[in-house]
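*Asks:* No sequence on hand, only this structure:
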């Protein structure tokens, strides 16, 4: 007698667009505003009985959803957001917003009016988010959820215990893809080096070598998510210009030293790396620079990366 095949229940995972901050087509908001919190919801459910319906996040991000689903043994569908539906419809928490923590409650008067509008939505319509960002510390249940998700994903990607902690990375940004260009279909235009980048990655790596630090240039966008996770889990130090690559700090180990150049024009933009550093136990040094294509000081980075310094 043939066993009846069990029909999986469809569960729709909906990106919260009512909070008008970023886009799931861009890596930081995709990872921390959609993929990671969606997987955190999935982690506590009956995964063998359900199929999870994600929205299409464009040609660069959607393959990462498919990669993670395969690594974690999940049944998924990816559909255009206009067709997102299921027997259950879940609004995914916006972890990208939560990482900014007290920025929302202590927002400077000079902040962009669009950020003030986001704050007002969080305060009025997302009380669970407002309670966390208004708290004294970002740690607690949110941090526990992040760390549990990190462990689950790393277990799916590799054997975390076998990953050494012995490398240093200088991040090279990716070239802009047509999807994000002026004629592309991205919700928000611009990507990678079209926005900002370190101007001297190779020279900085050579300068670090002269100072006894064996660093490597690493382009996040050239690797799948498992490759990015392995690289950041292995790294004792990271140097970068501020950008979406900060999303990968979820993989970094406590004590990892992260050196970030921030263009002065971005001073009024919320700094996600500060919340990520508190969540993950990282050491951050932020240096303000003029222009979007600054040079990295190998001497300054080497000094910051010194163990015990």
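*Replies:* Done, it's in. Since we're looking at a predicted model, the values are computed, not measured.

*Asks:* ok, for the spatially most central residue of the chain, nearest residue in space, not its chain neighbours?
*Replies:* For the chain, residue 247 is the residue whose C-alpha lies nearest the centre (C-alpha atoms, centre = their mean; 2.1 Å). Distances taken as C-beta to C-beta, 6 or more residues apart in numbering put residue 31 closest to residue 247, at 4.0 Å, once the chain neighbours are dropped. Heads up, the C-betas are built off the backbone N, CA and C, glycines and all.

*Asks:* Distance check, residue 18 against residue 184.
*Replies:* Between residue 18 and residue 184 the computed distance is 25 Å (C-beta to C-beta, to the nearest Å).

*Asks:* Equivalent analysis for residue 167, please.
*Replies:* 34 Å.

*Asks:* just residue 250 next, same as before
*Replies:* Note on residue 250: its distance to residue 184, by C-beta to C-beta, is 27 Å.

*Asks:* the more surrounded of the two?
*Replies:* Set residue 250 next to residue 184 and count neighbours by other C-beta atoms under 10 Å: residue 250 wins out with 23 against 16.

*Asks:* how about that one, phi and psi?
*Replies:* phi -60, psi -30 (degrees, to the nearest 10).

*Asks:* If you count neighbours, what's buried in the longest helix seen in the chain?
*Replies:* Assignment by DSSP state H gives helix 141-157 as the longest helix of the chain. Applying a neighbour-count criterion of 16 or more other C-beta atoms under 10 Å, one finds 142, 145, 146, 149, 150, 152, 153, 154, 156, 157 buried in helix 141-157.

*Asks:* could the residues you listed go into a markdown table alongside pLDDT and distance to residue 285?
*Replies:* What follows is these, written out as a markdown table (pLDDT from 0 to 100; distance: C-beta to C-beta, whole Å):
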| residue | pLDDT | distance to residue 285 |
| --- | --- | --- |
| 142 | 93 | 25 |
| 145 | 96 | 27 |
| 146 | 97 | 22 |
| 149 | 98 | 27 |
| 150 | 97 | 23 |
| 152 | 97 | 30 |
| 153 | 97 | 27 |
| 154 | 97 | 26 |
| 156 | 96 | 32 |
| 157 | 96 | 28 |
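
*Asks:* those helices in this protein, which residues are they?
*Replies:* Using DSSP H, helices in the chain cover 27-30, 36-43, 58-72, 95-98, 113-125, 127-133, 141-157, 201-210, 225-234, 272-280, 298-305.

*Asks:* tell me the domain ranges of this structure?
*Replies:* 9-156, 161-305 (automatic domain parsing).

*Asks:* sorry, back to before: name the surrounding residues that touch the longest helix of the chain.
*Replies:* 36, 39-40, 43, 68, 71-73, 95, 98, 132, 160, 225-226, 229-230, 233, 250-251, 279-280 (C-beta atoms under 8 Å, 6 or more residues apart in numbering).

*Asks:* What subset of these is buried?
*Replies:* Buried subset of the contacts of helix 141-157 (neighbour count, 16+ other C-beta under 10 Å): 36, 39-40, 68, 71-72, 95, 98, 132, 160, 225-226, 229-230, 233, 250-251, 279-280.

*Asks:* Okay, now the unreliable bits of the chain?
*Replies:* The chain contains residues with pLDDT under 70 at 1-6, 307-309.

*Asks:* who's in contact with the closest residue to residue 28 other than its chain neighbours?
*Replies:* Spatial nearest neighbour of residue 28, excluding adjacent residues (C-beta to C-beta, 6+ apart): residue 244 at 4.1 Å. Taking C-beta under 8 Å, 6+ apart, we find residue 244 in contact with 26, 27, 28, 29.
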